[in-house]
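Trainee: Quick one, structure for this:
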Amino acid sequence: MSTEHLFPEKIPNWIGGKQCAAESGEWLEKRNPHSGAVLSRAARSRSVDINAAVGAAKEAQPEWAGTTPVRRGEILHQVVLGMQACKREIAEVVALETGKSPKEALGETGGAISLGLFYAGEGQRLYGRTTTSGMANRQAMTIRQPAGVAGLIIAANTPIANVAWKVFPALICGNTAVLKAAEDTPATAWIFGEVAHKAGLPAGVLNIVQGWGEEAGAPLVAHPGVDVISFTGSTEVGRLIAEIAGKRLAKVSLELGGKNAFVVCDDADLEQAVHWAVLSAFSNAGQRCAAASRLIVFDAVYEDFRRRLLERTKALKVGPTDNDDFGPVINVRQLENMLAAVERAKEHGARVIAGGYRLTGEAHRDGFYMAPTLVEEISPADEFSQAEFFGPIAGLYTVDNFDEALSLANDSPYGLTACIHTQSVHRALAFTQKVQTGVVIVNAGTYGSEPHMPFGGVKNSGNGTREPGTEALDIYSNLKDVYLNINPQKL
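Mentor: Presented below is the predicted three-dimensional model:
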């Protein structure tokens, strides 16, 4: 498929409102997850390019911060209108870079647009608060002020949604930004930059830098001119970012991994439970931090649930079209890591009951496809139960009762999302209160964050911050106390 009408063969940076190659003149290859062929080449940026981007952001920040929040919202609304105007082109780029179906990519793009609309409206609602004072003739209030320059680092699993998730709240608060694009989805970030530029976003307000995490992301985190860092990705990298940014006391928001529990009780609607389990475990090829990778089922319904789940799993179609249920994983490295993890689980006594291998047929042999995989007879302490694999892999576990299910759900270093399927309001309420996660769902899937709601986790799933929702405004702005004193003699 020709991509000339979508993005250039060599994808540059956006710095100071202009497109430019990396200072080194080097490029990194981006391969099509479906075919393995080179799809594009992206600028291989390093510290010198980060310095230029941060410099452009710092230069533009005072004027952008001085623009009223309402006007900032109007400008961001124009960006959203630009996204709506080329919604299908953006979705086509997302589909090409990720291997997901056009329909799924279009849905993701629509979600990004909805999130942009929400934050554009927040320009009229950047609330502080007015309260009482303990002193006579004094009024007390708080106001929001920009943090400064925001460093934004995103993952490739839902690329246009991830761009919108960070860019819009950062900019509405009056910050300028440097976005380090995911190396596996460079064109998605590039086309967003083009839309923003054409919509009239002032030069330097949003700068987009391509490159590897070690070469471009690390210097962005360490840069003294970056006031707030927001990162979505692995827990391992999140710890490094927290350590580096913490040394200079920069604000940090971390949305990290998950090993999410999907509990099926003995009173569950099994058809619905299986429907949502398949979607939660395998949609987007399992490349969701909120994917259900631990299916915890009551003994009383385990065999029935297992039989139905196997039937649905074996019927799944894997490929990049709208007739398929999910596509490839993002790169060959991720595929190989998952295959190795399944082999280690087998060595430790686990039993693979579906998948566990790379698809090599005519339609898949050149791509990064893994068969939907189900594993049982796994120890809760095994690596398979404790580590995030970020692919179409799920384990099945049996429990006797609700207390065992809750205990096993909480037996994880992660705490991002969880779900329970039950007809009992008592079980549902107890689970929502006692499960150790940042998000909990009753009788649906383990994913589905809405733009106006906070998303994030506990334990190894994050550092307590929440994006999106209005809670994200606390990340990208600083509160200032203001005291107004009245002189009675001047009345």
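Trainee: What's the local residue count around the nearest residue to residue 22 once chain neighbours are set aside?
Mentor: Closest residue to residue 22 in three dimensions, ignoring its sequence neighbours and counting by C-beta to C-beta, 6 or more residues apart in numbering: residue 43, at 4.1 Å. The way it works is simple: take the backbone N, C-alpha and C, and place the C-beta from them, glycine included. Residue 43 sits with 29 neighbouring residues when counted by other C-beta atoms under 10 Å.
Trainee: what's the spacing between residue 43 and residue 18?
Mentor: 13 Å (C-beta to C-beta, to the nearest Å).
Trainee: Ok, residue 483 next?
Mentor: If you go by C-beta to C-beta, the gap between residue 483 and residue 18 works out to 44 Å.
Trainee: Which one of those two is surrounded by more residues?
Mentor: residue 18 (13 against 10).
Trainee: all strands of the stretch 251-400 of the chain, in order?
Mentor: For the stretch 251-400 of the chain, applying DSSP state E, counting those that start in this stretch gives strands covering 251-255, 260-264, 292-298, 351-354, 373-376, 393-399.
Trainee: hey, which of these is tucked in deepest?
Mentor: Mean neighbours per residue, mean count of other C-beta atoms under 10 Å, is largest over the strands of the stretch 251-400 of the chain for strand 260-264, with a mean of 29.
Trainee: pLDDT averaged over it, what's the number?
Mentor: pLDDT averaged over strand 260-264 equals 98, rounded to a whole number.
Trainee: Just give the strands next to that strand in its sheet, each with its orientation.
Mentor: The partner list of strand 260-264 in its sheet, established with DSSP bridges, is strand 292-298 (parallel), strand 417-421 (parallel).
Trainee: Can you lay out those as TSV showing mean pLDDT and distance to residue 91?
Mentor: Below are these laid out as TSV (pLDDT from 0 to 100; distance: least, C-beta to C-beta, whole Å):
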stretch	mean pLDDT	distance to residue 91
strand 292-298	97	25
strand 417-421	98	25
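Trainee: Rebuild those strands as TSV, extending it with distance to residue 70.
Mentor: Output for the strands paired with strand 260-264, formatted as TSV (distance: least, C-beta to C-beta, whole Å):
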stretch	distance to residue 70
strand 292-298	41
strand 417-421	35
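Trainee: which residues touch residue 366?
Mentor: When the contact criterion is C-beta atoms under 8 Å, 6 or more residues apart in numbering, the partners of residue 366 are 34-37.
Trainee: how about the helices in the stretch 151-300 of the chain?
Mentor: Secondary structure of the stretch 151-300 of the chain by DSSP state H, counting those that start in this stretch: the helices cover 159-172, 186-198, 218-222, 235-246, 270-282, 299-314.
Trainee: Minimum distance to residue 50: which of those helices has it?
Mentor: Closest approach to residue 50 among the helices of the stretch 151-300 of the chain is made by helix 218-222 (4.5 Å; C-beta to C-beta).
Trainee: so where's the protein shaky on pLDDT?
Mentor: Across the chain, the stretches falling below the confidence threshold (pLDDT under 70) are 1-4.
Trainee: Show me it divided up by domain.
Mentor: Under automatic domain parsing, the residue ranges defining each domain of the chain are 10-256+462-480, 260-442.
Trainee: could those be laid out in TSV, adding distance to residue 453?
Mentor: Formatted as TSV, the entries for the domains of the chain read as follows, by distance: least, C-beta to C-beta, whole Å:
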stretch	distance to residue 453
domain 10-256+462-480	5
domain 260-442	9
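Trainee: Ok, which of those comes nearest residue 448?
Mentor: Distance to residue 448, taken as C-beta to C-beta, is lowest for domain 260-442 among those, at 7.0 Å.
Trainee: How far does that closest one stretch from one end to the other?
Mentor: Across domain 260-442, the terminal residues are separated by 14 Å (C-alpha to C-alpha, to the nearest Å).
Trainee: Please compute how far that domain lies from its chain's middle.
Mentor: Between the centre of domain 260-442 and the centre of its host chain there is 19 Å, according to C-alpha atoms, centre = their mean, to the nearest Å.
Trainee: List the buried residues for the host helix or strand of residue 30?
Mentor: Taking DSSP states H and E as the definition, one finds residue 30 inside strand 27-31. Buried residues in strand 27-31, defined by neighbour count with 16 or more other C-beta atoms under 10 Å: 27-28, 30-31.
Trainee: Measure how buried the closest residue to residue 224 other than its chain neighbours is and give me the count.
Mentor: Closest residue in space to residue 224, ignoring its immediate chain neighbours: residue 248 at 6.2 Å, by C-beta to C-beta, 6+ apart. Applying other C-beta under 10 Å, we find 12 residues neighbouring residue 248.
Trainee: for residue 358, what are its contacts?
Mentor: Residue 358 touches 335, 339, 369-371, counting by C-beta under 8 Å, 6+ apart.
Trainee: That should have said residue 175, apologies.
Mentor: Applying C-beta under 8 Å, 6+ apart to residue 175 gives the contacts 61, 64-65, 146-150, 227-228, 476.
Trainee: ok, the closest residue to residue 345 other than its chain neighbours - contacts?
Mentor: Here the nearest residue to residue 345 in space, its sequence neighbours aside, is residue 384; by C-beta to C-beta, 6+ apart that works out to 4.1 Å. Residues in contact with residue 384, defined by C-beta under 8 Å, 6+ apart, are 341, 344-345, 348, 350, 375, 378, 395.
Trainee: Would you mind measuring from residue 384 to residue 24?
Mentor: Counting by C-beta to C-beta, the gap between residue 384 and residue 24 amounts to 41 Å.
Trainee: cool, residue 202 as well?
Mentor: Taken as C-beta to C-beta, the spacing of residue 202 relative to residue 24 amounts to 28 Å.
Trainee: One more: residue 405?
Mentor: From residue 405 over to residue 24 the distance is 53 Å, taken as C-beta to C-beta.
Trainee: So those two - more neighbours on which side?
Mentor: The residue with more neighbours, out of residue 405 and residue 24 and counting by other C-beta under 10 Å, is residue 405; that gives 25 against 14.
Trainee: secondary structure element for the more buried one?
Mentor: When secondary structure is defined using DSSP H and E, the element that contains residue 405 is helix 402-410.
Trainee: quick one: contacts of that helix?
Mentor: By C-beta under 8 Å, 6+ apart, the surrounding residues in contact with helix 402-410 are 261, 263, 265, 294, 296, 298, 380, 397, 399, 418, 420, 427, 430-431, 434-436.
Trainee: quick one: it to strand 292-298, angle?
Mentor: Orientation of helix 402-410 against strand 292-298 (axes from the mean of the first three to the mean of the last three C-alpha atoms, to 10 degrees) gives an angle of 170 degrees.
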